[in-house]
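S.K.: need a structure here:
(one chain, ligands or ions: 2)
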Amino acid sequence: MSSKHATATSNTSHKIHIILDHNRELIKLKKTPFQLHHDEAGVDNKLLQDTFKEIIKEFNRLVGLEDIKKLMYGIFGLIQVGKYREVLRLKSDSTQVLHMVFKGNPGTGKTTVARLMAKMFKDLGILSKGHMIEVERADLVGEYIGHTAQKTREQVKKALGGILFIDEAYSLIRGGEKDFGRESIDALVKSMEDYKNDFILILAGYSIEMEAFIHSNPGVHSRFPIQLTFDDYSMEELIEIAEVMVEEKDYMLTPSAKQKLKQLVMEENENPLRNLSNSRLVRNWIEKAIRNQAVRLLNEQQALQSKHILMGIQSEDFLDIKKKYV
Ligand SMILES: Nc1ncnc2c1ncn2[C@@H]1O[C@H](COP(=O)(O)OP(=O)(O)O)[C@@H](O)[C@H]1O
Ligand SMILES: [Mg+2]
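M.R.: Ligands and ions are numbered 1, 2, ... in the order given. Predicted structure coming up:
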């Protein structure tokens, strides 16, 4: 399955656990918004909708990633409808599992999406803490027998109530049969059994490597019902991402700067040696341009009291942007 931006696949044949057990959580958390809206008399539709809108606002600001947004709407919908079902004493589906695999090149938004998910799942009452522990092979794999299981368990414990995000997870099968990476996978699988509803595991990495990894172990494949593909961004999306980035920092691109940026992205797309068709490169350019603007303003002895001048990134601020150390 593939689409232009991102693909969500859901393996529904595997009924596993997690989420809607959050009702227990909600009672503990007291202040979760649903409690305010949900009583014996019914559910306050408007307030509930507003709450969901608020929770998803930041996520909606992401450029592209349409299928990933759809997946989130699906999870939101399930929880929302579950609230109405509870009022009428119908069963709500508390058997969904949210462990995920994120496939895609560096800079395609995997870490950003995972962080936002952690926050939103907390707001929805699915996770109790909503933090994210980001690890890689070296944080999980030890040096002697037994060390790996211990290291892996420690990371899982840190992630309880939140998300454990394993970057370049395919490297856990790098060394073949005797490698300790496999011990880490076994420890992760065991933790998924032991702490069913207490954390969400996300495995991330390059598409091809992740496919190989998932299929190397049937236990792994069946435990990750949600697999998301993060495609490289198009040129238009990269420009949009750049605009979001500058806005977030209280800057803006002048029309000529935007044009210049387009040209830079286009050149990069045509470069046969390019290894980044994604947002990281754009972020680096923006950060450099912001430094260049500061130097330009000081050199020009501009009126630094003017918001307009302080905010404006001009095309000349992108000059020599591809050179290292400028
Ligand atoms: N869809 C998007 N909309 C806005 N900004 C994005 C988007 N995707 C990525 N970014 C930005 O690009 C940068 C790199 O993204 P990141 O999540 O680290 O990618 P990955 O984890 O896949 O390597 C981050 O600064 C992030 O804020
Ligand atoms: Mg990342």
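S.K.: Let's test this: mean pLDDT of the one helix or strand residue 69 maps to, rounded?
M.R.: In the assignment (DSSP states H and E), residue 69 maps to helix 66-87. In this model, helix 66-87 carries a mean pLDDT of 83.
S.K.: and that helix with ligand 1, contact?
M.R.: No. Using CB under 6 Å from any ligand atom, helix 66-87 stays clear of ligand 1, coming no nearer than 8.9 Å. Using the backbone N, CA and C atoms, a C-beta is placed for each residue, glycine as well.
S.K.: can you pull the buried residues of that helix?
M.R.: By neighbour count, and taking 16 or more other CB atoms under 10 Å as the criterion, the buried residues in helix 66-87 are 67-69, 71-72, 75-76, 79-80, 82-83, 86.
S.K.: before we move on, what about stretch 315-326?
M.R.: Neighbour count says stretch 315-326 has 315, 317-318, 321 buried, by 16+ other CB under 10 Å.
S.K.: from those residues, which are also near ligand 1?
M.R.: Contacts with ligand 1 are made by none of those, judged by CB under 6 Å from any ligand atom.
S.K.: chain center to stretch 253-269, what's the gap?
M.R.: Counting by CA atoms, centre = their mean, to the nearest Å, stretch 253-269 is centred 27 Å from the centre of its parent chain.
S.K.: Next: stretch 154-165.
M.R.: For stretch 154-165, the separation from the chain centroid amounts to 16 Å (computed by CA atoms, centre = their mean).
S.K.: Could you list the low-pLDDT ranges of the stretch 151-300 of the chain?
M.R.: Low-confidence regions of the stretch 151-300 of the chain, defined by pLDDT under 70, span residues 176-178, 272-277.
S.K.: Could you tell me which residues of it lie near ligand 1?
M.R.: Where proximity means CB under 6 Å from any ligand atom, the interface of the stretch 151-300 of the chain facing ligand 1 comprises 241, 244, 279-280, 283.
S.K.: So which of those sit within helices?
M.R.: Here DSSP state H is the test, and these give 241, 244, 279-280, 283 as lying in helices.
S.K.: Check the residues you listed and tell me the two furthest apart.
M.R.: Across these, the longest distance by CB to CB is 14.2 Å; it joins 244 and 280.
S.K.: circling back to that earlier point, closest to ligand 1 out of the buried residues of stretch 315-326?
M.R.: Taking CB to the nearest ligand atom as the measure, ligand 1 sits nearest to residue 321 out of the buried residues of stretch 315-326, at 16.7 Å.
S.K.: tell me the contacts of that closest one?
M.R.: 264, 285, 288-289, 292 (CB atoms under 8 Å, 6 or more residues apart in numbering).
S.K.: Between these, identify the one with the most neighbours.
M.R.: Counting by other CB atoms under 10 Å, residue 289 has the largest number of neighbours within these, with 26 neighbours.
S.K.: tell me the contacts of the residue nearest to it when sequence neighbours are not counted?
M.R.: The spatially closest residue to residue 289, leaving aside those adjacent along the chain, is residue 317, at 4.3 Å (CB to CB, 6 or more residues apart in numbering). Under the criterion of CB under 8 Å, 6+ apart, the contact list for residue 317 reads 257, 289-290, 292-293, 296.
S.K.: re earlier: make a markdown table out of the residues of the stretch 151-300 of the chain next to ligand 1 and add neighbour count and distance to residue 209.
M.R.: Putting those into a markdown table (neighbours: other CB atoms under 10 Å; distance: CB to CB, whole Å) gives the following:
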| residue | neighbour count | distance to residue 209 |
| --- | --- | --- |
| 241 | 21 | 25 |
| 244 | 14 | 29 |
| 279 | 23 | 20 |
| 280 | 12 | 19 |
| 283 | 14 | 24 |
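S.K.: in the stretch 201-326 of the chain, which spans are helices?
M.R.: 207-215, 218-223, 235-248, 255-270, 279-300, 307-311 (DSSP state H, counting those that start in this stretch).
S.K.: right, and the ones you listed - which one's nearest residue 55?
M.R.: Comparing these against residue 55 with CB to CB, the closest turns out to be helix 235-248 (19.3 Å).
S.K.: and the closest one, what other elements does it pack with?
M.R.: Helices and strands in packing contact with helix 235-248 are listed as strand 252-253, helix 255-270, helix 279-300; criterion 3 or more CB pairs under 8 Å, 6 or more residues apart in numbering; DSSP states H and E.
S.K.: in the second one, what's buried?
M.R.: With burial defined by 16+ other CB under 10 Å, the residues of helix 255-270 counted as buried are 257-258, 260-261, 264-265, 268.
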